[in-house]
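1. Predicted model follows, preceded by the sequence.
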Amino acid sequence: MAIQALLIVGLLLHRARRRRAEASLRESQEFMELSTSAGELGLWARNLEGGELWANPRLRSLFGFGQNDELRLEDLIGRIHPDDQAKVTVDVERAQRTGDSFQGEFRVMIPDGGERWVAARGRAVDENGHGGARKRRMGVVFDITDRKRAEEGLRESEARFRTMANTAPVMIWMSGADELCTFFNKGWLDFTGRTMEQELGNGWAEGVHPEDLERCLAIYVNSFNARQEFTMEYRLRRSDGEYRWVFDNGVPRFQPDGSFVGYIGSCIDITERKLAEEKFRFAVEASPSGIVMINPQGEIVLVNRLTEKLFGYSREELIGQSVETLVPERFRAGHPAHRKAFFAAPQSRAMGEGRDLFARRKDGSEFQVEIGLNPIETNEGTLVLTAIIDITERKQAEQKLNAALVEIRGLKERLEEENIYLKEEISEVKGFDEIVGKSDALKYVLTRVEQVAKTDATVLLQGETGVGKELIARAIHDKSSRSDGPHVKVNCATLPEALVESELFGHERGAFTGADRQRKGRFELAEGGTILLDEVGELPAGTQAKLLRVLQEGEFERVGGSSTIKVSVRVIAATNRKLHDEVKARRFRQDLFYRLNVYPITIPPLRQRREDIPLLVSHCARQIGERLGKIISEVPAQVMREFMEYDWPGNIRELQNVIERAVIVSSDGVLRLPEPLVQTTAAPAGEGEAINEPMKVSTLDEADREHILRALEATGWRIEGPKGAAAMLKLHPSTLRFRMKKLGLTKVLSYAPQSQKSNLH
């Protein structure tokens, strides 16, 4: 009995404790419901031994159960979305089996057809609420639908972004706030030929050219620290291994709350643009003009090397400065208006509209310029490319040229009487384009020409006046290795003694009165070619010594100069004097004669090659007839006999004059002489002699006087104009005036010399 009584008492005590525990639990549940209702938390508890399931109102509401409905675990699992049930069931069973905590996120199907996302957490506890014994499992469930929808929206947004990024025509990248890259689009990966994994983080830097990497990373890091947009250009390795120039633009990204989350950037291939820029820079640097590029505000944005040289500034000093820095102060006031007008209607044109323009150097000095303006379209808008040419030297050259022209006019007037005879000779034989003749004497001369032409030996041409020494000299030059070089002719007899050295060897500025500039002589002008010294026997003694030095050493000094000038010139001398006699009379240096007489060629007079006269008459009559507008088709036998019997003291020059007079008076195509040919009273040189003494008086002068007089009378003494005597005689008016003076018919007026070609027949 006592034992039974003890058992009963024990049972009663147990029931009392249980009632107190249940009361305490109810109080705890009420407290928890009050505390969790504000947090919208669903609470549940399950007795693992009996399987009872307790759920607070919020949990029942989340799963769509009524407040009085009896619940089992299977009921709750039954409301889970079918796609999530299997995973949740497995996780719950594993937690029950192992005693581990349970957590998961899944969708709950609501009886009204809706669904919501929830997150569940649970763990095992003993009856006293302490972890350890697995008699009870408790947990919490809360609604995460809004978060899931936000995440889904974010995923959709990210998917749209990736789609847009991968179809964009540019390379796109993204980074996080830690400077590490998190995304590269398809365009970037296709360009580099690398995978996303290889590029993420700092992997992209492996493709940057080593010479650009340090600069590139510095811009990247500095922009991150400042949270600022950046642009940079660098070389990036393409999939084929070639480095290409790219333009990279990075923009910082911020959350709505202002927190920094990283950068998004775009990249484009600018290699072609860079190549074009390099070509443009090369063209600018290689330009023979100073190049200054200006923006609409008048600021200098580019200059070339020549601009630095022209103005004395460095590039660093000019870039960013106003272009008016280069403009003299007196022109600055109007410069902005000119610039504004150009940008209003940009077109390539010259600046200044014919006015003299000047530029200003760094040292303040000014120089005259020509300026061309050209509009250039760039990404920054229209710029003006200004081409600047320093024309100081050109202007100085123009001034010197004008001064030289004045000097030439003075020299021409002073040398007129000596020069005009040379011009007459050239005029009289112009038109003969080849050497005409078949005589043995002429053939021998031409053989001598062939022999000496290929050498550089000095040649001395000897012969009477009018035999064609100049044409033989031309033939020697044309057949020589110097034929591509100049052929300079000097008539020593026409040069005043005071100027002969200046003409031959040149002079320095200030060498004598009127020498206001340096001038090259004929020897310098003949460099690499041939010089013909006609009438060399007329040279003064002092000039002969200088000429001897040129022949011996190939060098000389200009008049008034001290610098020795070296020349390579082939010398051909010509004379109608007997240089042997001149040497004996001490009028010509013996040593110079020996230097000139290396290869002498004697040109026979016309009387020694009479068989050539018919050919010459026919040739001259035809050419002179064409010049005078007449056709000569017949030469009577009597006329030809007179030509053959005449000794021709004036040689081919005289023959031409006689034929010209005959053509003038011939009107029916038959050549007739206006008067008989009469031998001169002065005895000619003996047969076989090559040199004649100068003629004193000849019938040629008398015939010229009569012929000119007839023309003057026929034109009423009118000299110039289409109906004047000069036109009738086919002479230059100045030449006619000189002849009239020489023959005592009129005074000598001003003479404008003409350069004409002499020919030998």
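-> Sure, I can see it. Predicted model, so just to flag it, every value in this text is computed and none were measured.

2. Quickly find the element holding the residue most central in space within the chain.
-> Nearest residue to the geometric centre of the chain (C-alpha atoms, centre = their mean): residue 283, 3.4 Å. Per DSSP states H and E: residue 283 is located in helix 271-286.

3. Count residues in the vicinity of residue 570, would you?
-> Using other C-beta atoms under 10 Å, the number of residues around residue 570 comes to 23. Just so you know, the C-beta spots here come from the backbone N, C-alpha and C atoms, and that holds for glycine as well.

4. I meant residue 645, not that one.
-> Neighbour tally, residue 645, other C-beta under 10 Å: 12.

5. same thing with residue 89?
-> Residue 89: 14 neighbours (other C-beta under 10 Å).

6. Could you do residue 575 as well?
-> 23.

7. same question, residue 605
-> Neighbour tally, residue 605, other C-beta under 10 Å: 26.

8. Can you pull out the low-pLDDT segments for the stretch 401-550 of the chain?
-> Scanning the stretch 401-550 of the chain for pLDDT under 70 picks out 410-434.

9. Ranking helices and strands of this structure by mean pLDDT, which lands last?
-> Across the helices and strands of the chain, mean confidence by mean pLDDT, DSSP states H and E is lowest for helix 416-429: a mean of 37.

10. Run through the strands of the stretch 201-350 of the chain in chain order.
-> For the stretch 201-350 of the chain, the strands defined by DSSP state E, counting those that start in this stretch cover 230-237, 243-254, 260-269, 290-294, 300-303, 349-351.

11. These: which one's closest to residue 556?
-> strand 290-294 (39.8 Å; C-beta to C-beta).

12. Next, the angle from that closest one to helix 271-286.
-> For strand 290-294 against helix 271-286, the angle by axes from the mean of the first three to the mean of the last three C-alpha atoms, to 10 degrees is 130 degrees.

13. thinking again about what came up before, check which helices and strands the helix holding residue 283 is in contact with.
-> strand 243-254 (3 or more C-beta pairs under 8 Å, 6 or more residues apart in numbering; DSSP states H and E).

14. How about the strand it packs on, which residues are buried there?
-> Buried residues in strand 243-254, counted by 16 or more other C-beta atoms under 10 Å: 243, 244, 245, 246, 247, 248, 250, 252, 253.

15. Now find how far off-centre that strand is within its chain.
-> 33 Å (C-alpha atoms, centre = their mean, to the nearest Å).

16. For residue 198, give me the pLDDT.
-> Looking at residue 198, its pLDDT reads 92.

17. before we move on, back to that, any buried residues in the helix or strand just after the least confident helix or strand of the chain, and which?
-> Downstream of helix 416-429, the first helix or strand assigned by DSSP H and E is helix 440-453. By neighbour count with 16+ other C-beta under 10 Å, helix 440-453 contains the buried residues 441, 442, 445, 448, 449, 452, 453.

18. Can I get the following helix or strand past helix 440-453 in PDB, CA atoms only?
-> Next in sequence after helix 440-453, counting helices and strands by DSSP H and E, comes strand 459-462. Output of strand 459-462 as PDB, limited to C-alpha atoms (Å, rounded to 0.1, in the frame of the first residue of the first chain):
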ATOM      1  CA  VAL A 459      91.400  73.400-128.100                       C
ATOM      2  CA  LEU A 460      92.500  76.500-130.100                       C
ATOM      3  CA  LEU A 461      90.300  77.400-133.000                       C
ATOM      4  CA  GLN A 462      92.000  79.600-135.600                       C
END
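
19. and stretch 462-477, how far apart are its ends?
-> Stretch 462-477 has an end-to-end distance of 17 Å (criterion: C-alpha to C-alpha, to the nearest Å).

20. How far off centre is that stretch?
-> Counting by C-alpha atoms, centre = their mean, stretch 462-477 comes out at 50 Å from the chain centroid.

21. ok, residue 731 to residue 636 distance?
-> 27 Å (C-beta to C-beta, to the nearest Å).

22. With residue 436 instead?
-> 21 Å.

23. Looking only at neighbour counts, state which of those two leads.
-> residue 436 (18 against 12).

24. how near is the more buried one to residue 609?
-> Residue 436 is 11 Å from residue 609, by C-beta to C-beta.

25. sorry, back to before: and the buried residues of helix 440-453, which is closest to residue 338?
-> residue 453 (62.8 Å).

26. Quick check: nearest residue in space to that closest one, chain neighbours excluded?
-> residue 479 (3.7 Å; C-beta to C-beta, 6 or more residues apart in numbering).

27. ok, residue 389 to residue 226 distance?
-> 46 Å.

28. Pick out whichever of these two has more residues nearby.
-> residue 389 (17 against 10).

29. what comes up buried for the strand or helix carrying that one?
-> Following DSSP H and E, one finds residue 389 within strand 381-390. Going by neighbour count (16+ other C-beta under 10 Å), the buried part of strand 381-390 is 383, 384, 385, 386, 387, 388, 389, 390.

30. confidence score at the third one?
-> Put plainly, it is residue 385. 83.

31. for the closest residue to residue 650 other than its chain neighbours, helix, strand, or coil?
-> Closest residue in space to residue 650, ignoring its immediate chain neighbours: residue 466 at 5.0 Å, by C-beta to C-beta, 6+ apart. Secondary structure assignment for residue 466 (DSSP: H, G, I helix; E, B strand; the rest coil): coil.

32. With the one 4 residues further on instead?
-> For residue 470, the secondary structure call by three-state DSSP comes out as helix.

33. Could you check how far it is from residue 491?
-> 9 Å.

34. Need the overlap of contacts for those two.
-> Shared contacts of residue 470 and residue 491, defined by C-beta atoms under 8 Å, 6 or more residues apart in numbering, are found at residue 534.

35. circling back to that earlier point, which among the buried residues of helix 440-453 gets closest to residue 331?
-> Nearest to residue 331 among those, with distances taken as C-beta to C-beta, is residue 453, at 61.2 Å.

36. Distance of that closest one relative to residue 612?
-> 22 Å.

37. hmm, back to that, which residues touch the residue nearest to residue 650?
-> Contacts of residue 466 (C-beta under 8 Å, 6+ apart): 425, 650, 651, 652, 653, 654.

38. nearest residue to the fifth one other than its sequence neighbours?
-> In other words, residue 653. Using C-beta to C-beta, 6+ apart, the nearest residue to residue 653 is residue 466, at 3.5 Å.

39. repeat for residue 59
-> Looking at residue 59 with C-beta to C-beta, 6+ apart, the closest residue is residue 42, at 3.0 Å.

40. in which helix or strand would I find the one you found?
-> Going by DSSP H and E, residue 42 is in strand 41-47.

41. Distance to residue 530 and mean pLDDT added to the strands of the stretch 201-350 of the chain, as a markdown table?
-> Below are these laid out as a markdown table (distance: least, C-beta to C-beta, whole Å; pLDDT from 0 to 100):
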| stretch | distance to residue 530 | mean pLDDT |
| --- | --- | --- |
| strand 230-237 | 61 | 94 |
| strand 243-254 | 59 | 93 |
| strand 260-269 | 64 | 92 |
| strand 290-294 | 42 | 88 |
| strand 300-303 | 49 | 88 |
| strand 349-351 | 44 | 76 |
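
42. what are the ranges of the strands in the stretch 451-600 of the chain?
-> 459-462, 487-491, 530-534, 555-557, 564-566, 570-575, 599-602.

43. quick one: the residue nearest to residue 546 when sequence neighbours are not counted from residue 569, how far?
-> Using C-beta to C-beta, 6+ apart and skipping the chain neighbours, the partner closest in space to residue 546 is residue 556 (5.9 Å). Separation of residue 556 from residue 569 (C-beta to C-beta) stands at 11 Å.

44. coming back round to it: quick check: what element follows the strand holding residue 389 along the chain?
-> Next element after strand 381-390 (DSSP H and E): helix 392-414.

45. Pull the number of nearby residues for residue 368.
-> 16.

46. mind listing what the helix or strand hosting it pairs with, with the direction of each?
-> Element membership for residue 368, per DSSP H and E: strand 366-378. The pairing partners recorded for strand 366-378 under DSSP bridges are strand 349-351 (antiparallel), strand 357-360 (antiparallel), strand 381-390 (antiparallel).

47. Okay then, goodbye and thanks.
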